[in-house]
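Q: Pasting a predicted model and its sequence here:
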Amino acid sequence: MILQRRIRNVLAGIRFATSRDLTPLPVTVYRHNSLIRRRLGNVDLELQENKAVTLGLAAPHIDGILIRPGETFSFWELVGHCTARKGYRMGLTISHGGPDSGIAGGMCQFTNLLHWMVLHSPLDIVEHHHHGELDLFPDFNRQIPFGSGTSIVYNYLDYRVRNSTDNTFQVRISLTEEHLRGELRAARPPASKYHVTERGAYFYEREGQVYRHNRIFGSERDKRTGNELRSELLLENNALVMYDRELIRMPIYSSEAAATAAATAAAAVVDPPL
């Protein structure tokens, strides 16, 4: 599988982003901090500490990367194969519909951060693997909508972004004791402003099991005129909840129909237009 992907990359003639400059480009497009250690049910805390090590090893491979016009950013092309020999440790993974562990587990937090920043930019997402079928862990200091993350596996499940604009972008990454910090920068200000919003978020019960639903929308507005240029549904999640319902801090509706009605009524009152 790994060799096949490498062959496909060569045959496709993709121009990957490989140039690096640690001098920040002048414009901040978007920035986000991602909490490294979170309470994830009964997950061994050692796996969280190992994840911090793994993220620290991967960060220098991404920090400062320039994405020039026509280039494609590939996470695995830059980070490479994460092995124990390189210092990567056992971390949390998802396997067969549940939590597991493996070398460099937890790396999806890195691409989750990248993806969230890219959603607030004109960059084109050309490869993104979504894992919204299961809600594995209760919310703990959640900062972005449920189900807006990524799934990666070296090297056939990648996260890739193409720069189809005439502007140059730059990814800056750093770690503190608590956070993985990201900045998406550019040579010039983009002409548009991008927003990502969550709607229709609720829990409901069906045949004795609890499900989590939400929808994630993206919009683009012209900075000069304020006119909306684009509004679209990015994702819709219906995820089976895998943890104790006592840990859910929202109402659990008796059916999906009741949950949808409640969410529609709430949106009519409080949900601003995109």
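A: Yep, it's here. Numbering: from 1, shown residues only.

Q: quick one: low-confidence ranges for this structure?
A: In the predicted model, the chain carries pLDDT under 70 at residues 1, 39-44, 96-98, 267-274.

Q: Show me the strands in it, by range?
A: Assigned by DSSP state E, the chain shows strands spanning 27-35, 65-67, 72-74, 90-95, 98-103, 124-127, 134-135, 160-162, 169-175, 179-186, 192-206, 209-222, 228-241, 252-253.

Q: And the residue most central in space within the chain, how far from L184?
A: Residue closest to the mean C-alpha point of the chain, counted by CA atoms, centre = their mean, is N112 at 2.3 Å. The span separating N112 from L184 equals 14 Å under the rule CB to CB, to the nearest Å. The way it works is simple: take the backbone N, C-alpha and C, and place the C-beta from them, glycine included.

Q: What of A239?
A: Counting by CB to CB - A239 and L184 are separated by 28 Å.

Q: next one: Q209
A: Here the distance between Q209 and L184 works out to 38 Å (CB to CB).

Q: Tell me which of these two has more neighbours.
A: Each of Q209 and L184 had its neighbours counted (other CB atoms under 10 Å), and the higher figure belongs to L184 (24 against 11).

Q: partner residues bridging that one?
A: The partner list for L184 in beta bridges (DSSP bridges) reads Y30, V171.

Q: ok, now which ones touch it?
A: 28-31, 117-118, 120-121, 169-172 (CB atoms under 8 Å, 6 or more residues apart in numbering).

Q: Among those, which one has the most neighbours?
A: Among those, F169 has more neighbours than the rest - 28 neighbours, counting by other CB under 10 Å.

Q: Any chance of CSV for the strands of the chain, columns distance to L47?
A: Formatted as CSV, the strands of the chain follow (distance: least, CB to CB, whole Å):
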stretch, distance to L47
strand 27-35, 15
strand 65-67, 28
strand 72-74, 26
strand 90-95, 5
strand 98-103, 6
strand 124-127, 27
strand 134-135, 18
strand 160-162, 27
strand 169-175, 17
strand 179-186, 16
strand 192-206, 27
strand 209-222, 23
strand 228-241, 21
strand 252-253, 29
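
Q: V10: which of those is closest?
A: strand 72-74 (13.0 Å; CB to CB).

Q: Other residues contacting the closest one?
A: Counting contacts by CB under 8 Å, 6+ apart, the residues outside strand 72-74 that touch it are 14-17, 65, 67, 123, 126, 158-163, 171.

Q: 10 Å instead, please
A: 9, 12, 14-18, 62, 65-67, 114, 118, 123-124, 126-127, 155, 158-164, 169, 171 (CB atoms under 10 Å, 6 or more residues apart in numbering).

Q: Mind checking which of those are buried?
A: Neighbour-count burial (16 or more other CB atoms under 10 Å) applied to the contacts of strand 72-74 gives 9, 17, 62, 65-67, 114, 118, 123, 155, 158-163, 169, 171.

Q: rewinding a little: which residues does the residue nearest to the centre of the chain contact?
A: N112 makes contacts with 32, 34, 144, 148-152, 159, 180, 182, as judged by CB under 10 Å, 6+ apart.

Q: try 6 Å
A: Residues near N112 by CB atoms under 6 Å, 6 or more residues apart in numbering: 149-150.

Q: Output the longest helix belonging to this structure.
A: The helix of greatest length in the chain, counted in residues with DSSP state H as the criterion, is given as helix 45-62.

Q: Torsion angles phi and psi at R249?
A: Main-chain torsions, R249, degrees, to the nearest 10: phi -100, psi 20.

Q: Distance of it relative to D158?
A: Plainly put, R249 is 35 Å away from D158 if you go by CB to CB.

Q: Could you give the number of residues near the residue nearest to R37 when sequence neighbours are not counted?
A: Leaving aside its sequence neighbours, R37 sits nearest to Q48 (CB to CB, 6 or more residues apart in numbering; 4.7 Å). The burial metric for Q48, expressed as a neighbour count using other CB under 10 Å, is 17.

Q: okay but Q48 is in contact with I36, surely?
A: No: proximity of Q48 to I36 does not meet the contact threshold set by CB atoms under 6 Å, at 7.4 Å.

Q: shared neighbours of those two, which are they?
A: In contact with both Q48 and I36: no residue, using CB under 6 Å, 6+ apart.
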